[in-house]
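Engineer: Coordinates only, no sequence provided:
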């Protein structure tokens, strides 16, 4: 497939990007509102076109562990799910991080807690960036705000995952997953050849040639001293990500008196609220997070120095706001506005919240 | 490697002796952490010997469980993955699907395979993944200190059944091997043991068949190995092997259950899997 | 045709489980009165009855026994 202009759902974009980015395998389990990912893959039959393997697993636990096994052979392997399914995958995610296995996991968030609702939400921020599983680990977390980004971030995910030998999470939500937008597709990246796999993933378990020691994929280290050394190595990796891989977008922040901080769907709503505010003469800017981990701490702190207040917009009870306050060291008035349980706020509500909670 | 031993071996060869048996090079020189007399070591040896004899050391991936054999990767000189508790069949599924020409096996204990990993076991078997599953059944959780396993016999004492397993509290021992033999995705299902030279030879032949079957791509091959857990059972290794013959084998009869995709005629799987006149230990 | 056997035991790796003793058809091995570096009473050959059948090696969980034989 060459570069083309298409109209499609966010979930379909994820699936098509997986095929186009040379993904070797996808293992998933149906859950609303992301089932179109696997449905698209099954309908497209990429195994005939690129050789990509697609399998419906018996559970999210199985699918994340299939990702573990497959990705541990040095191939590009992905899964996707929505909040309750991602909760089930937390064990697998900490093992993947602990064994340093590059892979891609997509969370199309819905409202919780528990079985919750099937409507969009952003209440998995803590789970995503504060370590949903046990141990000190981080997932490189990308938050797409459009169907185009759903597509593009899959390509970006593979670069980061293999550069750092770390799982990558695309944290989307039901609104981006379900909405249809225009999208420019890309030229296909061929799946890695056998030679490329061995070069790009020399740590992989594909059968031990006589000329190298056996490769072992494990997160177990019974010696505490060695486990601490390993943890330091992981932390150094995360520090390097914080240094080099932060992504964010600023709109109208230069002259802003107030800024919205938001990601994903909420950033789209905040953008409209920003335009409405500007029409009323209130100088509002938008600081959009693209990576949630690493968090753009320094960049946000710089912007915060010259604004009077920050409104965090997130479809949650207020999760991201904790990192915003840490970034600004509470030097500027910062409040949260969000609807949750599957309710999407309107731009009018967001603007009213700015006026009532920050400006007033 | 012990130089004196290597010198002694060479000396015998120089004297005209032929080598009948020596440890395969597919096993590393690491001393296994298993208790003296444990069947895990023997089973490791047999799997390694089969890999050696088939000449597939450079084209095989093993998946170890959580439990006593969690460190199996230190003992096999092959590429290895260590799974989360119970998930080895899921890992192996993906390894095989993405690398269909690579030999793939899981190595799991009864707690890992038949309790926490039951879903992964059943579904890998039912999908007919072209992998080999090695299942070591010693009726107990060894690594954590001898707690009740799904396979613990009725009346058998363990750390969590100190007065013996009771059906009214703990339910019945799970014969998962008979259970999975009824699934169309399994191609070869057998139960073996490793306590005598004859048993070891049969077990090795079974493991060889289970690996050879991967070439056929006709489904999953499953080899249960009955083993003692002498420290968990609180016996000497020799006593434990005898106890295993007297108590485990009546409940877990040794032999082929399904061969080449067909249930063995004289094995009444329905009776074994559903009826259970399981012998009650005193 | 009779065979005379010899076994070579890696005594430092032996754990003294004695499973090989039970398997030996000619009772040519026993546990030593001495212990190895790990404190195990290791297996040793006690007479020259060995026939090189490898039964001991078959059941050895730690693979510490190598077996050799010669026609006699």
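Structural biologist: Cool, got the structure. Keep in mind that this is a model prediction, so the values were computed, not measured. Residues are numbered from 1 along each chain as shown, chains lettered A, B, ... in the order given.
Engineer: Now the nearest residue to residue A:165 once chain neighbours are set aside: phi and psi?
Structural biologist: Closest residue to residue A:165 apart from its sequence neighbours, by CB to CB, 6 or more residues apart in numbering or on different chains: residue A:100 at 4.2 Å. C-beta: built from backbone N, CA, C; applies to glycine. Backbone torsions of residue A:100, given as degrees, to the nearest 10, read phi 50, psi 60.
Engineer: Show residues contacting stretch A:288-299.
Structural biologist: With CB atoms under 8 Å, 6 or more residues apart in numbering or on different chains as the contact definition, stretch A:288-299 has outside contacts at A:125, A:128-129, A:138-143, A:145, A:171, A:238, A:241-242, A:245-251, A:261-263, A:267, A:270, A:287, A:320, A:323, A:326-327.
Engineer: Those in helices, which ones?
Structural biologist: Counting by DSSP state H, those place A:125, A:128, A:129, A:238, A:241, A:242, A:267, A:270, A:320, A:323, A:326, A:327 in helices.
Engineer: wait, what's in contact with residue 21?
Structural biologist: This is for chain A. Applying CB under 8 Å, 6+ apart, we find residue A:21 in contact with A:76, A:154, A:155, A:158, A:189.
Engineer: meant chain C, my bad for not saying
Structural biologist: Taking CB under 8 Å, 6+ apart as the criterion, residue C:21 is in contact with B:238, C:27, C:29, C:30, C:31, C:43.
Engineer: wait, is it part of a strand?
Structural biologist: No. Counting by DSSP: H, G, I helix; E, B strand; the rest coil, residue C:21 is located in no strand; its state is helix.
Engineer: Chain A versus that one, what's the distance?
Structural biologist: From residue C:21 across to chain A, the span is 32 Å (CB to the nearest CB, to the nearest Å).
Engineer: Just the buried ones from the contacts of stretch A:288-299?
Structural biologist: Taking 16 or more other CB atoms under 10 Å in any protein chain shown as the criterion, what is buried in those is A:125, A:128-129, A:138-143, A:145, A:171, A:238, A:241-242, A:245-248, A:250-251, A:261-263, A:267, A:270, A:287, A:320, A:323, A:327.
Engineer: what about residue A:169, is that helix, strand or coil?
Structural biologist: Three-state assignment for residue A:169 (three-state DSSP): strand.
Engineer: Can you report how many residues neighbour whatever residue of chain A ends up closest to chain B?
Structural biologist: The minimum distance from chain A to chain B, using CB to the nearest CB, falls at residue A:69 (2.9 Å). When counting by other CB atoms under 10 Å in any protein chain shown, one arrives at 32 neighbours for residue A:69.
Engineer: and residue A:312, which of the three is it?
Structural biologist: Under three-state DSSP, residue A:312 falls in the strand class.
Engineer: try residue A:285
Structural biologist: Here residue A:285 is recorded as strand under three-state DSSP.
Engineer: Can you name the residues of the stretch 1-150 of chain B sitting close to chain A?
Structural biologist: For the stretch 1-150 of chain B, the contact set with chain A under CB under 8 Å from any CB of the partner chain comprises B:57-61, B:63, B:70-71, B:73-74, B:76-84, B:87, B:90-95, B:97-99, B:102, B:119-120, B:123.
Engineer: related to what we said a few turns ago, now, of the contacts of residue C:21, which are buried?
Structural biologist: Among the contacts of residue C:21, those classed as buried by 16+ other CB under 10 Å are B:238, C:29, C:30, C:31, C:43.
Engineer: Kindly indicate which of those residues lies nearest chain A.
Structural biologist: Among those, residue C:43 lies closest to chain A (CB to the nearest CB), at 28.7 Å.
Engineer: Assess the claim that residue B:50 and residue B:211 are in contact.
Structural biologist: Yes. With contact defined as CB atoms under 8 Å, residue B:50 counts as touching residue B:211 (5.5 Å).
Engineer: Could you tell me which residues touch both of the two?
Structural biologist: Common neighbours of residue B:50 and residue B:211 (CB under 8 Å, 6+ apart) do not exist.
Engineer: can you map out the strands along the stretch 51-200 of chain B?
Structural biologist: B:60-64, B:79-82, B:103-109, B:132-137, B:140-141, B:147-148, B:186-193 (DSSP state E, counting those that start in this stretch).
Engineer: scratch that, chain C
Structural biologist: Secondary structure of chain C (DSSP state E): strands at C:3-9, C:29-35, C:41-45, C:65-71.
Engineer: Now the third one: average pLDDT?
Structural biologist: Strand C:41-45 carries an average pLDDT of 97.
Engineer: just the angle between that strand and strand C:3-9, please?
Structural biologist: If you take axes from the mean of the first three to the mean of the last three CA atoms, to 10 degrees, strand C:41-45 sits at 160 degrees to strand C:3-9.
Engineer: Report all helices and strands that strand C:41-45 contacts.
Structural biologist: Contacts defined by 3 or more CB pairs under 8 Å, 6 or more residues apart in numbering or on different chains; DSSP states H and E place strand C:41-45 against strand C:3-9, strand C:29-35.
Engineer: Next, the angle from the first one to strand C:65-71.
Structural biologist: Computed with the same axes, to 10 degrees, the direction of strand C:3-9 lies at 160 degrees from that of strand C:65-71.
Engineer: what lines up beside strand C:3-9 in the sheet?
Structural biologist: Here strand C:3-9 is paired, per DSSP bridges, with strand C:65-71 (antiparallel).
Engineer: residues from chain C in reach of chain B?
Structural biologist: So chain C meets chain B at C:5-6, C:8, C:10, C:12-13, C:15-19, C:21-23, C:40, C:52-55, C:57-70 (CB under 8 Å from any CB).
Engineer: Now chain A against chain C: closest residue?
Structural biologist: As assessed by CB to the nearest CB, chain C sits closest to residue A:214 within chain A, at 17.5 Å.
Engineer: Look up the pLDDT of the closest residue to that residue other than its chain neighbours for me, please.
Structural biologist: The shortest distance from residue A:214 to any non-neighbouring residue, by CB to CB, 6+ apart, is to residue A:208 (4.6 Å). According to the prediction, residue A:208 has pLDDT 96.
Engineer: Not counting sequence-adjacent ones, nearest residue to residue A:139?
Structural biologist: Closest to residue A:139 by CB to CB, 6+ apart is residue A:169, at 4.3 Å.
Engineer: How about the contacts made by residue C:72?
Structural biologist: For residue C:72, the contact set (CB under 8 Å, 6+ apart) comprises C:2, C:3, C:4.
Engineer: The same query, at a cut-off of 10 Å, please.
Structural biologist: Counting by CB atoms under 10 Å, 6 or more residues apart in numbering or on different chains, residue C:72 makes contact with C:1, C:2, C:3, C:4, C:5, C:51.
Engineer: my guess is the fifth one meets residue C:65, correct?
Structural biologist: I take that to be residue C:5. No. Judged on CB atoms under 10 Å, residue C:5 makes no contact with residue C:65 at a distance of 11.0 Å.
Engineer: Pretty sure residue C:37 sits against residue C:11.
Structural biologist: Yes. Residue C:37 is within contact range of residue C:11, at 9.2 Å (criterion: CB under 10 Å).
Engineer: And these two? Which one has more around it.
Structural biologist: Neighbour totals were compared for residue C:37 and residue C:11, and residue C:11 leads with 21 against 9 (other CB under 10 Å).
Engineer: Help me confirm that the more buried one comes into contact with residue C:42.
Structural biologist: Yes. Taking contacts as CB under 10 Å, residue C:11 lies within contact range of residue C:42: 4.1 Å.
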